[in-house]
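Asker: below: sequence and its predicted model.
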Amino acid sequence: MNVLFKNIKELIQVRESSVNFLSGKEMSILPTIKNAFLLVKDGIISDYGIMGKCPEIDIKTIDATGKMILPSWCDSHTHLVYAGNREDEFVDRINGLSYAEIAKNGGGILNSAKKLQQTSEEDLYNQSKIRLEEIIQLGTGAVEIKSGYGLTKDAELKMLRVIEKLKENYFLEIKATFLGAHALPSEYKNNKSGYLQMLIDDILPTIEKENLADFIDIFCETGYFSVDDTQQILKAGKKHGLVGKIHVNQFTAIGGIKAGVDNNVLSVDHLEEMRTEDIEVLKNTKTMPVALPSCSYFLSIPYTPARKMIEAGLPLALATDYNPGSTPSGNMNFVVSTACIKMKMTPEEAINAATINGAYAMNLLEKVGSITKGKLANLILTKEINSYNFIPYSFGNHCIEKVFLKGIEIKKS
Ligand SMILES: N=CN[C@@H](CCC(=O)O)C(=O)O
Ligand SMILES: [Zn+2]
């Protein structure tokens, strides 16, 4: 698709050449061009600059007077393929039960797994595509989606095939993660090593053969999977060509971050409970810390200590964690606002964390995350706003007028 955007009030996140992820002080710099044009050819960003240099060509033109353009959000952590909902557990928590107590009583991840196992692949696809279309309208142009609500070979593969089908049918970038080690199914209640062996010997070879995943993940947490389990799963995933990611330090800090770094994981996600040693171990590594503020909001647990981490020179990405239990929301606009309001990130830091650093956390930096020649024209066109600070300021709302994927305007279906 070819299109020329003219009179853009401010073109946000402009990077001459593809940068690596942003850390520490770099995160406070958000390069922009005021009164700009942006030229898209064949779905790719082809040129941009000040209006004085706008080319005179005869192609579809969009006048963006008073409006801003920024790269689409990059949401590097979701579980948006799931069956049914868990609003009953939400009420249980209001009435005083904790997330852990609900899980202990057969709720939580096992509750979602039961529902998913009983749902056909077609039904699961239809439920999931509604959520995918919803997040596209909310400005997400690249997303990672995990399995992990199957917990049997059939159901895990069903989830990954649904993700594959979403990839085929939608224009946004999608990465798939195998999260078989999300919780221990009741059939394996007293046989955790047997379950891990089943994931490794039975499911991983099929995933590799059918090319169904890019990443491998595990819930490294007290009561779920240990640091040793994490090492085992990450190593097995690597053998099958999967890059590691981990759910870690959500409720307790048990040394999982070090295990992740030792295994060169691409990202460590959650990080609500961070010790000084966890921050230290992340310094000068290629592992992206990922914060999920909507999860902290929904579960009323601590927020990832963004200021401490950025001031220690670390990078930080922001993602939604869209899932039926801890975060039934895939709204990156809310994530960016909440990061500013509750984690005291500046708008510049939050936008960098939700674009460039999110793209890095999905190995998608070559394609998305900034306005750079050669990257995909996955774009947000805002309504008329005074400054980009209005994006996080208008929390609970959003200032998106239109979204474009590969230069094509995606209208609500
Ligand atoms: N913490 C582990 N997994 C999900 C929540 C799972 C659930 O409650 O369904 C998360 O990232 O928050
Ligand atoms: Zn998660």
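Answerer: Nice, I can see it. Keep in mind it's a predicted model, so treat the numbers as computed, not measured. Ligands and ions are numbered 1, 2, ... in the order given.
Asker: for residue 204, which non-adjacent residue is closest in space?
Answerer: residue 240 (4.7 Å; C-beta to C-beta, 6 or more residues apart in numbering). All C-beta atoms are positioned from the backbone trio N, CA, C, and that covers glycine.
Asker: what does residue 179 give?
Answerer: In space, not counting the residues next to it along the chain, residue 179 is nearest to residue 148; the distance is 3.1 Å by C-beta to C-beta, 6+ apart.
Asker: for ligand 1, give me its nearest residue in this protein.
Answerer: Across the chain, the shortest distance to ligand 1 (C-beta to the nearest ligand atom) belongs to residue 325, at 2.3 Å.
Asker: correct me if wrong: that residue contacts residue 87.
Answerer: No - with the criterion set as C-beta atoms under 8 Å, residue 325 and residue 87 do not qualify as a contacting pair; they are 10.6 Å apart.
Asker: tell me which of those two has more neighbours.
Answerer: Each of residue 325 and residue 87 has its neighbours counted (other C-beta atoms under 10 Å); residue 325 has more, 24 against 10.
Asker: what about the closest residue to residue 413 other than its chain neighbours, which SS state?
Answerer: Beyond its immediate neighbours in the sequence, the residue positioned closest to residue 413 (C-beta to C-beta, 6+ apart) is residue 133, lying 6.1 Å away. Of the three states, residue 133 takes helix under DSSP: H, G, I helix; E, B strand; the rest coil.
Asker: residue 154 versus the residue nearest to residue 204, what's the distance?
Answerer: Between residue 240 and residue 154 the distance, using C-beta to C-beta, to the nearest Å, works out to 19 Å.
Asker: please identify which of the two sits among more neighbours.
Answerer: The neighbour count for residue 240 versus residue 154, taken as other C-beta under 10 Å, is higher for residue 240 (17 against 11).
Asker: what does the pLDDT read for that one?
Answerer: pLDDT, residue 240: 98.
Asker: list the buried residues in stretch 286-298.
Answerer: For stretch 286-298, burial by neighbour count (16 or more other C-beta atoms under 10 Å) applies to 287, 288, 289, 290, 291, 292, 293, 294, 295, 296, 297, 298.
Asker: repeat for stretch 91-105
Answerer: 92, 93, 97, 99, 102, 103.
Asker: tell me the residues of this structure that contact ligand 1?
Answerer: Residues of the chain lying close to ligand 1 (C-beta under 6 Å from any ligand atom) are 108, 109, 112, 219, 247, 250, 295, 321, 323, 324, 325, 326.
Asker: the last one - nearest residue in space that isn't next to it in sequence?
Answerer: The spatial neighbour of residue 326 that comes closest, neighbours along the chain excluded (C-beta to C-beta, 6+ apart), is residue 295 at 4.8 Å.
Asker: so which residue is dead centre in this protein?
Answerer: With distances taken as C-alpha atoms, centre = their mean, residue 76 lies nearest the centre of the chain, 2.2 Å away.
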